[in-house]
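requesting a structural model of the entry that follows:
(2 chains)
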Number of protein chains: 2
Amino acid sequence: MTKRVYNFCAGPAALPLEVLQQAQTELLDWHGKGLSIMEMSHRGADYTAVAAEAEQDLRDLLLIPNNYKVLFLQGGASQQFAQIPLNLMRHDQKADYIDTGIWAKKAIEEASRFAAVNVAATAKDYNYFAIPGQNEWQLSQDAAYVHYTANETIGGVEFDWIPEVGDIPLVTDMSSNILSQPIDVSKFGLIYAGAQKNIGPSGLVVLIIREDLLGNARSDCPTMLNYKVAADNDSMYNTPPTFSWYLAGLIFKWLKKQGGLEAMKKINEQKKELLYGYIDSTEFYNNPINPSNRSWMNIPFRLIDERLDKVFLEKADANGLLNLKGHRTVGGMRASIYNAVGLDAVQALVDFMKAFEKEHG
Amino acid sequence: MTKRVYNFCAGPAALPLEVLQQAQTELLDWHGKGLSIMEMSHRGADYTAVAAEAEQDLRDLLLIPNNYKVLFLQGGASQQFAQIPLNLMRHDQKADYIDTGIWAKKAIEEASRFAAVNVAATAKDYNYFAIPGQNEWQLSQDAAYVHYTANETIGGVEFDWIPEVGDIPLVTDMSSNILSQPIDVSKFGLIYAGAQKNIGPSGLVVLIIREDLLGNARSDCPTMLNYKVAADNDSMYNTPPTFSWYLAGLIFKWLKKQGGLEAMKKINEQKKELLYGYIDSTEFYNNPINPSNRSWMNIPFRLIDERLDKVFLEKADANGLLNLKGHRTVGGMRASIYNAVGLDAVQALVDFMKAFEKEHG
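Numbers count the residues shown, from 1 in each chain, chains lettered A, B, ... in the order given. Here you go, the predicted model:
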């Protein structure tokens, strides 16, 4: 018999049950065609319609303006850390980066291998518990772009504002918070997101890029990493990750059915208020992040006594609350509560945390 | 009701029914754990065991020596066209390439963007209907490596021999013929293959590399494209395409159950003899490839009267024989008969071709 747990994994993350059920039902025989979606030519009429529909649904959800291309790529956000400078920055240019934690640092480190990087602001002075306000940023006058990490999956800090950078293209890693609420795409030059949190299975990256930024790839940019090549070929310069793209499309339809991103914002707000609310109500648990920079999606927390960590995780597991262990680099706990993790899951987690506190507090 | 057609797609290609059934059964609840394989952390014990088992099964199937690493990557063979020179060739070196058709040319074109390429032999003089023998090759004395395309998916030519290149690393694109029969891995420096033919779903590349070739990536190689980084992190420097890797593992187990690659060779030989045998027995159909260079996996053929192409494809479709249209660049027909396409499928195709000839010949 199929059982389903509450899954708080940071990624690959929980997927909506309805979406998995549909994928399961049609896995051997897609829409009566007699073959799996995985077995279809990416250039056939059936698959290209699936791919185009996924793109259109994403455009509808995010209200993506017509002068933006949507690309379905591979390699994860980590590959974008190189791909962005290779596409947007000449050898003699520099780019501004904002250091807000582990993922921002990785982006900075990789970009520095290809051109000059100016770290315009760092959260280091705040112990990475807060995001420096824009009044503290030292932006360059002539940067090729400004890069920031909209949500730090490990640190659990999230921008609750969009930087103002004038005519300089604004580039952001939204891997772990895309589709969690509406955003104004027109403020950005480039948005990228690894799929395995709010979009679908791993092995897919969604990229939204303003058209005028295409066509500037450096001569040392591999063809497969060139955004313009991908855009000119509808992300099918070669065989794309067809199953992940299809599944992302199912998730976009599921999101529309939930009421779109305004509806997701409401439920995500309830979820995070429930969890942070409880954490703040007790000394037994702690989250150190500056309240206005607290991530809605990734909520790290600590027990007052870290010797209890092990038994907490064991009991959580036994109660069907999985993947609550914090990232190996930081320890403690982390609950990732993406779109597919419902209010019921967060309520179950809070109930468990309360019971655990009662027993061990 | 689930129906299943005969699928001759060049890729993404047919997958074994048993494998799809297992994936379907456990899609919502993998081994009673209460979540999908797609929803699991790639760093958790369950998933890393799946990943390691897939690697071991592949090692068993291909008898991969211990001094080779197996990498599970992304981006398709097309990304390898850049990745190979970026990892194996210094700026002042050159590499030898053998031109046998469309995929070899793509590899040559991309490599030429990163360093000097010597086209040591070309099938052009044979109209790409035959592979030049090694006595015709003009190899460099000091090449960083020698690259050839073991099977041309579009042209339908396949090496039935392994080149002898002494101490120079031999590099080969086996995207469309890997696992179709045993090969002697120890003859190679590097073997790579896009998964979407004989390995699994698209979005995965399997790479087999001799360890001494690791660690020479150029400074302009993106971290995510560096083989050593992938090897040092068991192909998990970042989140890998977990579902594709899992499904590849199921296929490796299926291959073992069929009797391994010796057994696959026998059945693949029967399949290609049945199809080529019939094509050669009639003037109505034609395959122009030099018999000893004929691909076992991708069999292009033409009708004597190309005005019949359209009705041939329509009737084939109506008879549940799908994706027989030749590649858009060459026209005609093509039957891709990978491991998952059984002798029954090839027999059904030949029966249909005979009936069609009878009607229209």
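
next, the buried residues of stretch A:185-193.
A:188-193 (16 or more other Cβ atoms under 10 Å in any protein chain shown). Just so you know, the C-beta spots here come from the backbone N, C-alpha and C atoms, and that holds for glycine as well.

keep only those of those that are in strands.
Using DSSP state E, A:190-193 are the members of those that sit in strands.

the residues you listed into TSV, with extra columns for pLDDT and distance to residue B:174?
As requested, these are arranged in TSV below (pLDDT from 0 to 100; distance: Cβ to Cβ, whole Å):
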residue	pLDDT	distance to residue B:174
A:190	98	36
A:191	98	37
A:192	98	32
A:193	98	33
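
one step back: list just the nearest of the buried residues of stretch A:185-193 to residue A:74.
residue A:192 (12.2 Å; Cβ to Cβ).

just to revisit the earlier point, which of the ones in strands among the buried residues of stretch A:185-193 sit farthest apart?
A:190 and A:193 (10.9 Å).

overlap in contacts, those two.
Residues within reach of residue A:190 and of residue A:193 at once, by Cβ atoms under 8 Å, 6 or more residues apart in numbering or on different chains, are residue A:207.

just to revisit the earlier point, determine which two of the buried residues of stretch A:185-193 are furthest apart.
A:189 and A:193 (14.8 Å).

which among the ones in strands among the buried residues of stretch A:185-193 gets closest to chain B?
residue A:193 (12.3 Å; Cβ to the nearest Cβ).

skipping its backbone neighbours, what lies nearest the closest one in space?
The shortest distance from residue A:193 to any non-neighbouring residue, by Cβ to Cβ, 6 or more residues apart in numbering or on different chains, is to residue A:178 (4.2 Å).

next, count neighbours for the one you found.
28 (other Cβ atoms under 10 Å in any protein chain shown).

hang on, residue A:3 packs against residue B:30?
No. Taking Cβ atoms under 8 Å as the definition, residue A:3 is not a contact partner of residue B:30, at 11.0 Å.

give me the more crowded residue out of these two.
Neighbours were counted for residue A:3 and for residue B:30 using other Cβ under 10 Å; residue B:30 has more, 20 against 11.

chain A versus the more buried one, what's the distance?
11 Å (Cβ to the nearest Cβ, to the nearest Å).

so what's that residue closest to, chain neighbours aside?
Residue B:30 sits nearest to residue B:37 (Cβ to Cβ, 6+ apart), 4.6 Å away.

and the one you found, how many residues sit next to it?
The burial count for residue B:37: 24, using other Cβ under 10 Å.

same check, this time on residue A:92
8.

quick one, strands of chain A?
Using DSSP E, strands in chain A cover A:6-7, A:68-73, A:94-99, A:116-122, A:146-149, A:170-173, A:190-194, A:205-210, A:285-286, A:298-303, A:321-322, A:333-336.

from chain B, how far out is residue A:196?
6 Å.

quick check: residues of the stretch 101-250 of chain A near chain B?
Counting by Cβ under 8 Å from any Cβ of the partner chain, the residues of the stretch 101-250 of chain A close to chain B are A:110, A:113-114, A:194, A:196, A:201-204, A:219-220, A:222-225, A:237-244, A:247.

please repeat the previous calculation with a cut-off of 10 Å.
By Cβ under 10 Å from any Cβ of the partner chain, the residues of the stretch 101-250 of chain A that approach chain B are A:106, A:109-110, A:113-114, A:175, A:194-197, A:200-205, A:218-225, A:229, A:237-245, A:247.

I'd like to know which of these are buried.
In these, the ones that pass as buried (16+ other Cβ under 10 Å) are A:106, A:110, A:114, A:175, A:194-197, A:200-205, A:218, A:220-225, A:229, A:237-245, A:247.

how many neighbouring residues does the residue in the stretch 251-361 of chain A positioned nearest to chain B have?
Proximity of the stretch 251-361 of chain A to chain B (Cβ to the nearest Cβ) peaks at residue A:323, 5.9 Å away. For residue A:323, the neighbour count with other Cβ under 10 Å is 24.

ignoring the adjacent residues along the chain, who's closest to it?
Closest residue to residue A:323 apart from its sequence neighbours, by Cβ to Cβ, 6+ apart: residue A:9 at 3.8 Å.

kindly list the main-chain dihedrals of the one you found?
phi -70, psi 140 (degrees, to the nearest 10).

for it, give its distance to residue B:43.
Computed as Cβ to Cβ, to the nearest Å, the residue A:9 to residue B:43 distance reads 10 Å.

so what sits against both of the two?
Contact with both residue A:9 and residue B:43 is made by residues residue A:325, according to Cβ atoms under 10 Å, 6 or more residues apart in numbering or on different chains.

please say which of the two ends up with more neighbours.
Set residue A:9 next to residue B:43 and count neighbours by other Cβ under 10 Å: residue A:9 wins out with 25 against 14.

next up, the contacts around that one.
A:196-197, A:322-325, A:334-336, A:338, A:341, B:35, B:39-44.

of these, select the buried ones using a PyMOL command.
Only the buried entries of those go into this PyMOL selection, using 16+ other Cβ under 10 Å:
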select buried, (chain A and resi 196+197+322+323+324+325+334+335+336+338+341) or (chain B and resi 35+39+40+41+42+44)
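
what separation is there between the residue nearest to residue A:267 when sequence neighbours are not counted and residue A:294?
Ranked by Cβ to Cβ, 6+ apart and with sequence neighbours excluded, the top spatial neighbour of residue A:267 is residue A:343, at 6.1 Å. Look at residue A:343 and residue A:294: by Cβ to Cβ, they are 18 Å apart.

got it, and residue A:329?
In terms of Cβ to Cβ, residue A:329 sits 19 Å off from residue A:294.

repeat for residue A:359
For residue A:359, the distance to residue A:294 - Cβ to Cβ - is 27 Å.

also residue A:182?
19 Å.

and the two? Which one has more around it.
More crowded of residue A:182 and residue A:294, by other Cβ under 10 Å: residue A:294, with 22 against 14.

surely that one touches residue A:277?
No. Residue A:294 lies out of contact with residue A:277 (Cβ atoms under 10 Å); the separation is 11.4 Å.

could you pull up the residues touching the nearest residue to residue A:345 once chain neighbours are set aside?
Leaving out its chain neighbours, the residue that sits closest to residue A:345 by Cβ to Cβ, 6+ apart is residue A:6, at 4.2 Å. Counting by Cβ under 10 Å, 6+ apart, residue A:6 touches A:14, A:316, A:319-324, A:335, A:337, A:341-342, A:344-349, A:352, B:34-35.

give me the buried subset of those.
Buried, going by 16+ other Cβ under 10 Å: A:14, A:316, A:319, A:321-324, A:335, A:337, A:341-342, A:345-346, A:348-349, A:352, B:34-35, out of the contacts of residue A:6.

in helices, which of the residues you listed fall?
Residues of those located in helices (DSSP state H): A:316, A:345-346, A:348-349, A:352.

pick out the most distant pair among the residues you listed.
Longest span within these, Cβ to Cβ: A:316 and A:346, 13.3 Å.

what do the two both touch?
In contact with both residue A:316 and residue A:346: A:6, A:8, A:335, using Cβ under 10 Å, 6+ apart.

for the stretch 251-361 of chain A, what lies in contact range of chain B?
A:320, A:322-323, A:325, A:327-328, A:340.

which of the residues you listed has the weakest pLDDT?
When these are compared on pLDDT, residue A:328 comes out lowest, with 84.

quick check, the residue in the stretch 51-200 of chain A closest to chain B?
The minimum distance from the stretch 51-200 of chain A to chain B, using Cβ to the nearest Cβ, falls at residue A:82 (3.4 Å).
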